[in-house]
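Asks: Pasted the sequence and its predicted model underneath.
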Amino acid sequence: MSFITDAAKYYAAKPHQDAAWEYLWTSVDGYTQDCFIDAYRDAPEPPEGLITLEVFEQLTGYSTSLFTQQEVDDCNRLLKETQFDTCIVSTRMLLANILHETCNLKYMKEIASGVAYNNRSDLGNGPTDGPTYKGAGVLQLTGKYNYSRFCNDIGDPRVMEGVDYVSDTYPFMSAKTWIIENNLLHIAQTEGFDAVCRRINGGWNGYDDRLAKYQICKRAIH
């Protein structure tokens, strides 16, 4: 059946292909036709969204086995809910910066203990809240106050369990509120890559790496 499967890969319903496909289809026996139909009936639906496991592999150089479909879905959800999915160029800018901030999606939570955030009233933290609500996700959601805002937005009370739950469950979506409140999509569309880097970083730290990752994103995200 491989020859008819191979032919189907290149069939695009163009006029010059119709007659050839009809000839090929009628030339095979009924058993082959049934096998072909069953194979395509049972084939999984293609994933929704710009990002797939394969795109993660292209972006990071790490095997798809190191990522989960949940992470892919969470990334696509972030792009959709921030409307970045409407502009591929802007998506590349955002993900280039995310790749830099997370060392190619390796670190989804802050490496430091978080003790330095204890008693930070500006973050809504009490005497022992720092480690629980240290930076989580691709843009480091930090502080009990910001966690509570995200909790209300996402409608999941378990967010208040802290950094481990958020970094595992919402590694990308945890950045949603910050992205929207900082008008990051508008900045990307009107001011460009450098302005996105500056808004996320507050300066030019790691600019060369961000730029290199932007080139990778241009090749991987279509």
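Replies: Thanks, I have the structure now. Residues are numbered from 1 along each chain as shown.

Asks: Could you pull up the contacting residues of Lys213?
Replies: Residues near Lys213 by CB atoms under 8 Å, 6 or more residues apart in numbering: 59, 95-97, 99-100. The C-beta positions use only the backbone N, C-alpha and C, and glycine is treated the same way.

Asks: okay if I get those as CSV plus secondary structure?
Replies: Formatted as CSV, the contacts of Lys213 follow (DSSP: H, G, I helix; E, B strand; the rest coil):
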residue, secondary structure
Leu59, helix
Leu95, helix
Ala96, helix
Asn97, helix
Leu99, helix
His100, helix
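
Asks: Farthest-apart pair in those residues, please.
Replies: Based on CB to CB, the longest span within the contacts of Lys213 runs between Leu59 and Asn97 and measures 12.2 Å.

Asks: Counting neighbours, go ahead and name the busier of those two.
Replies: Asn97 (25 against 22; other CB atoms under 10 Å).

Asks: Tell me how far the more buried one lies from Lys176.
Replies: Noted for Asn97: a distance of 15 Å to Lys176, by CB to CB, to the nearest Å.

Asks: Please apply the same query to Lys109.
Replies: Lys109 sits 17 Å away from Lys176, going by CB to CB.

Asks: Which stretches in the protein count as helices?
Replies: Using DSSP state H, the helices assigned to the chain run over residues 2-10, 15-27, 30-41, 53-60, 69-81, 88-101, 144-154, 163-169, 176-181, 184-190, 193-201, 207-220.

Asks: and these, which is most packed in?
Replies: With neighbours defined as mean count of other CB atoms under 10 Å, these peak in mean count at helix 88-101, which reaches a mean of 23.

Asks: Give me the angle between that one and helix 193-201.
Replies: For helix 88-101 and helix 193-201, the angle between their directions (axes from the mean of the first three to the mean of the last three CA atoms, to 10 degrees) works out to 40 degrees.

Asks: these two touch, right, Asp164 and Lys109?
Replies: Yes - under the criterion of CB atoms under 8 Å, Asp164 lies in contact with Lys109, with a separation of 7.3 Å.

Asks: which ones are touching the residue lying closest to Asp74 once chain neighbours are set aside?
Replies: Nearest residue to Asp74 in three dimensions, chain neighbours excluded: Phe172, at 4.5 Å (CB to CB, 6 or more residues apart in numbering). Contacts here follow CB under 8 Å, 6+ apart; on that basis Phe172 touches 71, 74-75, 77-78, 98, 137-138.

Asks: Let's have the residues you listed in JSON lines, adding distance to Asp129 and pLDDT.
Replies: JSON lines is the format used below for the contacts of Phe172 (distance: CB to CB, whole Å; pLDDT from 0 to 100):
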{"residue": "Glu71", "distance to Asp129": "27", "pLDDT": "97"}
{"residue": "Asp74", "distance to Asp129": "25", "pLDDT": "98"}
{"residue": "Cys75", "distance to Asp129": "28", "pLDDT": "98"}
{"residue": "Arg77", "distance to Asp129": "27", "pLDDT": "97"}
{"residue": "Leu78", "distance to Asp129": "25", "pLDDT": "98"}
{"residue": "Ile98", "distance to Asp129": "26", "pLDDT": "98"}
{"residue": "Gly137", "distance to Asp129": "17", "pLDDT": "98"}
{"residue": "Val138", "distance to Asp129": "22", "pLDDT": "98"}
